[in-house]
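> how does the following fold in three dimensions:
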Amino acid sequence: MMALTNVSKFFPMGRGKQLHAVDDVSLSIGKEQVVGLVGESGSGKSTLGRMIVGLHSRDQGDISYDGELLPTRFRAQDHLRYARRLQMIFQDPYASLNPRMTIYDILSESLSLQGRTDAAAVTRAVTEWLKAVGLHPDHMTRYPHEFSGGQRQRIGIARALMIKPDFVVCDEPISALDVSVQAQIINLLSELKASMGLTLLFIAHDLSMVRYISDRMAVMYLGKIVEEGPANEVFFNPQHPYTQLLIASNPEPDPAAERSRTVVPIRGEVSSPVNPGPGCRFADRCPNVTTQCALPPPEVIVSEGHRASCHLLN
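Numbering: from 1, shown residues only. This is a model prediction of the structure:
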């Protein structure tokens, strides 16, 4: 359904310098699949998601949706056209809702932009979606500041799904929420995905949560995808040193096991994404670094559908 081919996004820093937010990324997402995208803050995950829905233009590469090449830079008519099929759930439930608009106005706005003007039908749709995300229809007259973080995120989910899109970018929809609320949001997304036949790009930091909800997992570091494959395969058989350290830092659910295990932290400073060299982006922090790591890393096929970019795998 969604195919990214050698996609890049650079932000100019002046004096010939460029910040490589997303650098030569290729990724495919099948219909009704959930692909989890994980990595540290600043790795380019959100930028990649915003390029897919047209909130950022791309500098290089192609993005195809359902066999159709998406515009390099979205114009107003492109947003109106593709919003019916491509939507995004934003990371911050406090910043993504207009504090001056009621919940009714927030949810009905997308329907109005799509030409649905029948007030009774719009009110019915808002009512149905508030119920679908676990909120009461009476909430439509309230303002965002009257809700908790979890409730706001439910409103964000309802807003994204109001016009029944096919593809949704979930940009860390649980990172600002308590653990108990995170589970509720994940279960809600799973239920809606199954009932609506959605395809999701799920961006998050929590590896266990990503493995739980995803069919496939991609690991991103400083603008590059370093490993990608079936979620269980990547989680239980990581090949790239960064993926291995990232998964090793994941806490154990058993308190006794967590206290007894030895945690190996990822040492060193993150390399600058400004005008990076051709070598492996993780070389400065990798415990197994060699002189080869100064060269562009090869893409190695570990098994069917499982690939990683590392000289050590050759």
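
> how about the nearest residue to Gln153 once chain neighbours are set aside, secondary structure?
With sequence-adjacent residues excluded and distances taken as Cβ to Cβ, 6 or more residues apart in numbering, Gln153 is closest to Pro93, at 4.2 Å. From N, CA and C alone the C-beta is placed, and that goes for glycine too. Secondary structure, DSSP: H, G, I helix; E, B strand; the rest coil: Pro93 is coil.

> what's around Pro93, how many residues?
Neighbours of Pro93 under the rule other Cβ atoms under 10 Å: 26.

> need the pLDDT of Gly149.
Per-residue confidence (pLDDT) for Gly149: 87.

> for His79, same thing?
We have a pLDDT of 90 for His79.

> again with Gly30
Looking at Gly30, its pLDDT is 95.

> got it, and the one 3 residues further on?
At Gln33 the predicted local confidence, pLDDT, stands at 95.

> phi first, then psi, for the residue nearest to Ser190 when sequence neighbours are not counted.
Spatial nearest neighbour of Ser190, chain neighbours left out: Ile213 (6.2 Å); criterion: Cβ to Cβ, 6+ apart. For Ile213, the backbone dihedrals (degrees, to the nearest 10) come out as phi -100, psi -20.

> pull the number of nearby residues for Ile213.
Count around Ile213 with other Cβ under 10 Å applied: 20.

> residues contacting it?
By Cβ atoms under 8 Å, 6 or more residues apart in numbering, the contact set of Ile213 is Val34, Gly36, Ile186, Leu189, Ser190, Leu200, Phe202.

> need the contact list for the nearest residue to Ser214 once chain neighbours are set aside.
Take Ser214 and drop its neighbours on the chain: the residue closest to it by Cβ to Cβ, 6+ apart is Gly36, 3.4 Å away. Applying Cβ under 8 Å, 6+ apart to Gly36 gives the contacts Phe202, Ile203, Ala204, Val210, Arg211, Ile213, Ser214, Arg216, Met217, Ala218, Ala231.

> what segments of the stretch 201-314 of the chain are strands?
216-221, 224-230, 299-303, 306-309 (DSSP state E, counting those that start in this stretch).

> pull up the pairing partners for the longest one, direction included.
Strand 224-230 has these partner strands in its sheet, going by DSSP bridges: strand 216-221 (antiparallel), strand 306-309 (antiparallel).

> count of neighbours near Thr141?
When neighbours are counted by other Cβ under 10 Å, Thr141 registers 11.

> that one against Met101, yeah?
No: with contact defined as Cβ atoms under 8 Å, Thr141 and Met101 do not form a contacting pair (11.5 Å).

> hang on, Ile106 is in a strand, isn't it?
No: using three-state DSSP, the assignment for Ile106 is helix, not a strand.

> follow-up on the earlier one: tell me the phi and psi of the residue nearest to Gln153?
Residue torsions, per degrees, to the nearest 10, at Pro93 are phi -70, psi -10.

> pLDDT value on the residue of the chain most remote from its centre, please?
What lies farthest from the middle of the chain is Ala120; by Cα atoms, centre = their mean that is 34.8 Å. Per-residue confidence (pLDDT) for Ala120: 92.

> quick check: phi and psi at it.
phi -70, psi -40.

> need the contact list for Pro287.
Pro241, Leu245, Val264, Arg267.

> and the residue lying closest to the last one once chain neighbours are set aside, how many neighbours does it have?
On the basis of Cβ to Cβ, 6+ apart, the spatially nearest residue to Arg267 that is not a chain neighbour turns out to be Arg285, at 6.2 Å. Around Arg285 there are 17 other residues, counting by other Cβ under 10 Å.

> perfect, that will be all.
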